[in-house]
Structure formats: C-alpha cells, structure tokens
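> Predicted model and sequence below, questions to follow.
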Amino acid sequence: MDRRWFVGAALAATGSLATRALAEVATGGELRIGLTAVVVREYARFFMDLQSYLSVRTGRAVSFVQRRTYADIMRMLGRQELEAAWICGYPYVQRRNPEFLRLLVAPVYQGAPLYRSYVIASASSSARGIEDFRDRVFAYSDPDSNSGYLVPRVALLDAGYDPETFFRFTFFTYNHAETVTAVADGVADGGAVDSYVYNVVARYEPELARRTRVVSASRQFGFPPIVVHRALEAEVAGRLRNTLIGMADEPAGRALLRRLGLDGFQEVSPSLYDSIRDLAARARTIGRPVDTL
Amino acid sequence: MIMIRKWPKLPSMSLMTKVPLMITLVVFASTLIIGLLVIERDWNRQRTILEAQTLTLARATAAAGKAHIVNTDVWALYRILRQLGERGTDGAGLAPVVEAAFLRPDGTILAHTDPRAHPVGLKLATQSEAGAERLAQAIGSEAARLLPEDVRTEGFIDAVAPITIDGVKVGLVLLRSSTAGLIAQLRTDAIVVIAFSVGLAMVMSLFGTWLSRRMVRPLQNLADGIDAVARGDLSGIRNVQRPGRDEIGQVTRQFNRMVEELAEKKRLERELAASERLAGLGRFAAGLAHEVNNPIGGMMNCVQMLSRRPDDAELVRKYVPLLDNGLRSISATIQALLGELRGNEKRTSCKAGCLISLEEMVRSEIGDRQIRLDWVVDTADLSGLAVNCTCPHIQQIVVNLTRNAIAVMPDGGRLSFTSRKVGEVLELVIGDTGPGMDDKTMERLFEPFYSTRPGGSGLGLWITYRIVERMGGSIRVESRPGTGARFVVTLPLVAARVRDGDEGENIRAA
C-alpha cells in the first residue's frame, strides 16, 4: 500500500543523484524501485540513505522512482520501466494477464508482516465506527489501497450500506499521511489509513496525530509487499531479497529499519494476501466511487 | 465672543513663556500633521499594493487549481489553499490571506481554508441576503477582479478569479485578505509619529526656552534700564551691556547713548545750577554791600568830622541826624531782609473780602497820574473759602505789584487788577501798559537788590515772591518789550474757619 510510499517522498528527485554517485559500485544494470506519493520531506534523506545502502549491498545502481498513484506504478512495472516496487496488497492481488509480478519480501511490522486499516476522525469527534460518518465527508488514500479504500468500503457493504451513497462526499489524498492531515484540518470528517503509516506519523508529527483519533481498527492484513517484475534476473532479485532480509542482521541495516519503524523484511507466501483477495472480490460487486462534484 | 475673551490671555504671558510654548506647539503640530499625512499616504499606497497582491494571488491560485478542478481533486485544491494561508503568515509581504475557497460555478464548495465551517460539497453559506447577492456577483464575474468593499467586509479585501476552460467557466477562486496587519502597522507608525512629535516638541521647548532667554534677556535688561532711568538712576545703564547686531541691539545701543547724553545733560545742569547759585549769591552780596555801603560812606565822613572837632555843637547838631538817617537806612534794609527771611509769623487765614479795601489804597498810590484803574474783584464764589495768609501779606503783594506798575507808567496808562477763583486757587492778575521787559530782565526780576529803576531798592518783588512762595502759591510774569506786563499770582484756597482765634492753626492742620 501507499503507506510505504508515504515514506517515499523525494526519491524521485534524489534518485538520479544517488544513481550517479553509485555508478562506480554498480556492476550491472540499474535497479529501479517504484514508490507512490506521500512526499514527507523528513523521509527524503532516509530514502537517499536506503538507496546507497541497497546500491552497495546489491552491486546495482539502485534508484527510487516515485509516482502519485499505485496505478501509475503498476503501469510502469508492466512496461518494465521499473524493476521492483513497494506496492499495496490490493494491487498485488488484482488479476493481471499475463501476471508480471513476483512477490519478493514483505516488511515485518511489530513482529509480523501484518498491519491494519484504521478509521480515524478529528480528536473531538464522537464517532465510534465508520457507520457514524453517514452523509459526511470521507477521505480515501488511493483507489488501489487496501487499508485506505478497500477495507472501509467492504466494511460498509458488510454493514448493509452502499459505499457509493453512504458518504456525502469522498475524495482521495493519495497519501495516508495526508489523510491524517485532511482529518485533522477538518476537510474530511473521517478517513481510512494504514495503521503502520498512522503510527509513523504519530512518531514524526505528534502534533498532527494528536488532532485525530482512531475510531476503529480492522483485522490484520498482509503488509504491503516488495514485488519485482518476473523478467528481473533471478540472481539480481535474489540479491535484492537477501539484502533486504539481511538488513536486520547488521547495524547499518538495523539503523535504517529503525528509522522506518520496521523490524525487517521476510519472505512471505502469496497466500498472506488471500484475505485481501477476498475483499477485492467482494468489492467487485460494487463500482468505483464517482465524484459527486 | 468667547474666543475674543479667551485670546487676550496669551499676550499677557511673558515672552519667556510664550516663545517656547509657541515653538513647542508649532513643532508638535507640524510634526504631527506631516507624520499623519505621510501615514495616510502610506496607508493608501500599502492598501493599493495589498489589493494588487490579493488580486494577483487569486489569479495565481486559480491557475494553480485549474487542473485539479477538472479532476475534482479536492485534496490538491485544499493543499493549494493551505499554502496560501502559510504564505500569508510568513511576513514576506504577501497579502495575508484569511480566507480562500475554490467553488463550482453553482457555488458548491470544492475547497475552503476553513473546512469545518465550509465543508466540501455544500453550497457556500452566506450570512445575509446582501451577502448572497455579493456572492452571486462574484460568481458571475467574467474576469478576475476585486469585489467592492462594503460595511460587512470592512477590514478585508475580497478578490474573485474565475477558472475557465475553453471559454466555459468551471470554477472560481474567492480570496480574502485582511488589512488588520496593515492597520496594526499604521497604528505602530502613528504611535511612533506621536512619540516623535512629543519628543521633538520637548527638545524644541528646551531650545525655545534657550532662544527666548537669549532674546528676552536684552529686552529685560532694556526694560530694567528704562525703569532705573525713570527712577532717576542713570547708573542703570550698566545693565544693558554687550548689545548684539540685531534690532534689539540697535535699540539697546541707542538707549545707552540716550542715557549717556541724559547723564551728561544732568551733570551740566548741576554745574549750571551751582554756578548760577554762586552768581546769584554774588549779586545778592553785591546788592547788600551797595545798600549798606552808601549810608556807611556818609556816616564815616560825619564821624571823621565829629572826631576832629568834637566840641563843635553846630557840627553835632548837623551830623547826628545824618548818622541817624544812615543807620535807619541800613536797619531798614536789614529789617526788610530779616523780616522775609525769618518768615515765622503766626499765620491766619485771610478772607477774600480784605481785597476790596485795597482799591482805595491803590487809588491813592496813583494820585493824580494819568492812569486808569480797572478794578475787578469777584467775590461771589469765594464764600466759605480763604487763602492761607494774613491780610497784610496779601495787601502787601497787591500793593507791591501795583506800585511797580504805576512806577513804569510815568506818562500814564492803564492799570488792571482782577481777582477771581480759578478751580481750587485764587488768581490775582495785575496788568500794566508800561514798556514791558525783555527775557533777561524777567529772568532776574525776583532777585533781591535787582532793580531797573534808579533809586529802587530791588527788594519789592523779591519780598513779594517770598510771601507767595510761603503761602504755597506761585507767581509768574508775562511780558515782552513794548507790550506792558502781566503778573499772575495764584494762591491756594482752603476752607475758612468760623472761630477767628485759632483759625490759623486749624488751617495748617487742614
């Protein structure tokens, strides 16, 4: 999901710089990793650090490429404009013909490759569930986000509501962190966010998080994974996987992980995302939201 | 009328107060007025800048939001507005945006800086019908413009910028900036101006005090000098020193010169008076010596003859009367001098009636000379009044003067005597048609032993003068050669006492 990307911020800009810097250590082709939106300035430096870390460890010139939406990233992956991407579980489970993705690793967050979807509201709100936002303004993160879009809509369906008409108005922020801002500022009465991103926001921008509160939390889902294009050489993919998994085993990697708020990376089974696949199947029974303005 | 009554207060103040006060007031007022004018000008200029900024910002915001309007990306629109707000508070001089919104052409809110009050998807609410009309006008704008200010929007500048695509209006930006910062800044400026005015006024009042001291001190010195001169103190001149080159300096110099001349004149007068006194004394001594020497010469001859022939009875019979005459003559002279110089006789008041009996005396003095006498004594308004002397004295005055008049008209003429009350004095006028006198004669007329007539003792007018003087009166003579002479005597009148016995004492006390 986009949350990781919330972290991603400035890499698009910094990527090329780092790439050039690392040209000497790179022994093969460039390794382009896609991220979505969420330009959080504080994280630009982190991705530069991560980029050089990965470049040194993989022997490839790693660069992060940021786009606004998952759709953009998926399209780029499909065209092999990217070798890898950090995407949400929802795009991962969407049917592709032919399938061009290969699951690489998933981050470990609080001991497991799992996270939740939060419904948040203004700190002064008395809402106790998503049902309390009927006829209000609701913020989604990305139409391809599990936690920021799919989960709340299916929850409404399960509760017997039509997500298309339940809210008076909905909009996308394309960024979990910005959903927090939208709710804090009162642009939206409620919003759906990634639990991991919400906690990162609370850590780096406590003032902002304090103006909101978590109304409800979903059950756990598979954490947004790192995927590679099937066409990426297995050796390179393996080196990237090992590098990521090995981060938790040495100080520099652990320092980076600490900054990310993650425990590490691990190999996961595609079945980890079956629950999201189920939600997606459920959501297909309803259409996509249509702007009312 | 009130103003006219109030104004005279100022001129009554001292220059020492008035000059600094006026300088202070003028400086304060002019600084304040200039300062406030500058502020007013600045206000207009700043306000114009702020209006231009607001309009430019609305245009730029509209341009930035265009793509997002098409996509209905309300979050992107909101972020644009939020940046406006942030930019407004960074003090970079841009219009301080207090409110901004993206609207659909139907008034639906796409984004608003105050999302809680103006939620996305609702029509923009207005407070009044007028507000609604204003909003409708704003929505109807075909080009970016400032909305006219009205009472409800005082303190704000409202701008609207429509967003059109291919000539179709798809939305608009409403932007409101506040003039509060401007007003606060102007208020600070005004305080600075006022403080500066007060400060400058205080400084200038000190300067004014110094200046007025400088200006007024010479004037004060001059005034003191004039005061001293008025009191007769000519040494006051020393106070007016170091005159400058200005008008006051000129006046001071002229005053100094005037005082010097005055002092010189006084000194000359004193010297003249002293020499005249000595000359008069000399003449008096000469006159006295002459009066006494004449009889003494004859008497010394007699005594010589008698001592040579002491047994000559015929000689004794002949010379003793001569000696007797000489001694009497000397005695008479001495008596005349002593009598008037003593002047301590008991005084009584003399009623005007005693003048009437004088007419016969004067007529007998005239005798058979061809002199006409005009005798006018007006006693009508003298009842209850008297002059401060004895009857013989007033009679002596009249007789002396008329006798002189008769003497200067040996070939006849007219003698006039008039007595009347003039104000608080009794005026006696004795006129003759004799040869008159020149100035030189008149100057010495009242000196003792001065006479123009052969054989005259020169004591008559002197005695008259002394009597009049002692009575508190005055005597003057008016004459020119060939026009006769007029002696005017004035004697003060007092209330007459009923009891004759202590009349004199009472009158003195009165």
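Looks like it came in fine.
> Give me the outermost residue of chain B relative to its centroid.
No residue in chain B sits farther from the centre than residue B:71, which is 92.0 Å out by CA atoms, centre = their mean.
> ok, that one to chain A distance?
8 Å (CB to the nearest CB, to the nearest Å). Just so you know, the C-beta spots here come from the backbone N, C-alpha and C atoms, and that holds for glycine as well.
> Just the mean pLDDT for stretch B:119-138, thanks.
Per-residue pLDDT over stretch B:119-138 has a mean of 87.
> Quickly check: it near chain A or not.
Yes: judged by CB under 8 Å from any CB of the partner chain, stretch B:119-138 comes into contact with chain A through B:119-121.
> Can you give me the first-to-last residue distance of that stretch?
With CA to CA, to the nearest Å as the measure, stretch B:119-138 spans 20 Å from end to end.
> Mind listing what's buried along it?
Neighbour-count burial for stretch B:119-138, counted by 16 or more other CB atoms under 10 Å in any protein chain shown, picks out B:119-121, B:124, B:134-135, B:138.
> Stretch B:65-78 now?
In stretch B:65-78, counting by 16+ other CB under 10 Å, buried: B:65, B:68-69, B:72-78.
> try stretch B:136-154
Within stretch B:136-154, the residues scored as buried using 16+ other CB under 10 Å are B:138-139, B:144-145, B:147.
> Please produce JSON lines containing these, extended by secondary structure.
Formatted as JSON lines, the buried residues of stretch B:136-154 follow (DSSP: H, G, I helix; E, B strand; the rest coil):
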{"residue": "B:138", "secondary structure": "helix"}
{"residue": "B:139", "secondary structure": "helix"}
{"residue": "B:144", "secondary structure": "coil"}
{"residue": "B:145", "secondary structure": "strand"}
{"residue": "B:147", "secondary structure": "coil"}
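> between those, which is closest to chain A?
Comparing the buried residues of stretch B:136-154 against chain A with CB to the nearest CB places residue B:139 closest, at 15.3 Å.
> Quick check: the closest one vs residue B:126, distance?
Spatial separation of residue B:139 from residue B:126 under the definition CB to CB, to the nearest Å is 11 Å.
> Over to residue B:428?
The spacing between residue B:428 and residue B:126, counted by CB to CB, is 113 Å.
> what do you get for residue B:147?
For residue B:147, the distance to residue B:126 - CB to CB - is 13 Å.
> Quick one: mean pLDDT over the longest helix seen in chain B.
Identified as the longest helix of chain B according to DSSP state H is helix B:247-308. Averaged over helix B:247-308, pLDDT sits at 84.
> following that helix, which helix or strand comes up?
helix B:313-342 (DSSP states H and E).
> helices or strands next to that next one in the packing?
Secondary-structure packing of helix B:313-342 (3 or more CB pairs under 8 Å, 6 or more residues apart in numbering or on different chains; DSSP states H and E): helix B:247-308, helix B:460-470.
> got the angle between the longest one and helix B:460-470?
With axes from the mean of the first three to the mean of the last three CA atoms, to 10 degrees as the basis, helix B:247-308 and helix B:460-470 are set at 130 degrees to each other.
> tell me what helix B:247-308 is packed against?
Counting by 3+ CB pairs under 8 Å, 6+ apart, the packing neighbours recorded for helix B:247-308 are helix B:180-230, helix B:313-342.
> for chain A, what are the nearby residues on chain B?
With CB under 8 Å from any CB as the criterion, chain B meets chain A at residues B:72-75, B:78-79, B:82, B:104, B:108, B:110-111, B:114-116, B:119-121.
> Tell me which of those fall in helices.
B:74-75, B:78-79, B:82.
> separation between the residue farthest from the centre of chain B and residue B:110?
From residue B:71 to residue B:110 the distance is 11 Å (CB to CB).
> Next: residue B:245.
83 Å.
> Neighbour count for these two, which is higher?
residue B:110 (25 against 8; other CB atoms under 10 Å in any protein chain shown).
> same for the helix or strand harbouring residue B:20, what does it pack against?
Secondary structure from DSSP H and E places residue B:20 in helix B:15-71. Where contact means 3+ CB pairs under 8 Å, 6+ apart, helix B:15-71 is packed against helix B:74-88, strand B:97-103, strand B:145-146, strand B:156-165, strand B:168-178, helix B:180-230.
> Nearest to residue B:360, out of these?
With CB to CB as the criterion, residue B:360 lies closest to helix B:180-230 of those, at 53.8 Å.
> what angle do the closest one and strand B:97-103 make?
Using the same axes, to 10 degrees: helix B:180-230 against strand B:97-103 is 150 degrees.
> Which neighbouring elements make contact with helix B:180-230?
Against helix B:180-230 (3+ CB pairs under 8 Å, 6+ apart) you get helix B:15-71, helix B:247-308.
> Pick the most buried one from these.
Burial of the helices and strands packed on helix B:180-230 is given as mean neighbour count (mean count of other CB atoms under 10 Å in any protein chain shown); helix B:15-71 ranks first at a mean of 16.
> Report the inter-axis angle for that one versus strand B:156-165.
For helix B:15-71 against strand B:156-165, the angle by the same axes, to 10 degrees is 20 degrees.
> So residue A:33 lies in a strand, does it not?
Yes: per three-state DSSP, residue A:33 lies within a strand segment.
> residue contacts, it?
With contact set as CB atoms under 8 Å, 6 or more residues apart in numbering or on different chains, residue A:33 has these partners: A:54, A:62-65, A:82-86, A:226.
> how about a markdown table for these, with distance to residue B:475 added?
Below are these laid out as a markdown table (distance: CB to CB, whole Å):
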| residue | distance to residue B:475 |
| --- | --- |
| A:54 | 144 |
| A:62 | 143 |
| A:63 | 140 |
| A:64 | 138 |
| A:65 | 140 |
| A:82 | 145 |
| A:83 | 149 |
| A:84 | 148 |
| A:85 | 145 |
| A:86 | 143 |
| A:226 | 147 |
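> ok, back up a step: any idea how far the helix holding residue B:20 is from the chain center?
Centroid separation for helix B:15-71 versus its chain: 51 Å, with CA atoms, centre = their mean, to the nearest Å.
> what's the answer for stretch B:175-189, then?
56 Å.
> before we move on, the earlier item: could you export the helices and strands packed on helix B:313-342 as CSV, including distance to residue A:203?
Shown next, in CSV, are these (distance: least, CB to CB, whole Å):
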stretch, distance to residue A:203
helix B:247-308, 86
helix B:460-470, 127
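> Tell me which of those lies nearest to residue B:169.
helix B:247-308 (79.7 Å).
> what residues does the stretch 151-293 of chain A put near chain B?
Within reach of chain B by CB under 8 Å from any CB, the stretch 151-293 of chain A has these residues: A:168-169, A:171-174, A:178, A:182, A:185-189, A:291-293.
> Mind checking which of the residues you listed land in strands?
A:169, A:171-172 (DSSP state E).
> picking up where we left off before, nearest to chain A among the buried residues of stretch B:119-138?
Distances from chain A to the buried residues of stretch B:119-138, taken by CB to the nearest CB, are shortest for residue B:121, at 3.6 Å.
> Please tell me how far the nearest residue to the closest one once chain neighbours are set aside sits from residue B:80.
Nearest non-adjacent residue to residue B:121, counting by CB to CB, 6 or more residues apart in numbering or on different chains: residue A:169, 3.6 Å away. Using CB to CB, residue A:169 is found at 18 Å from residue B:80.
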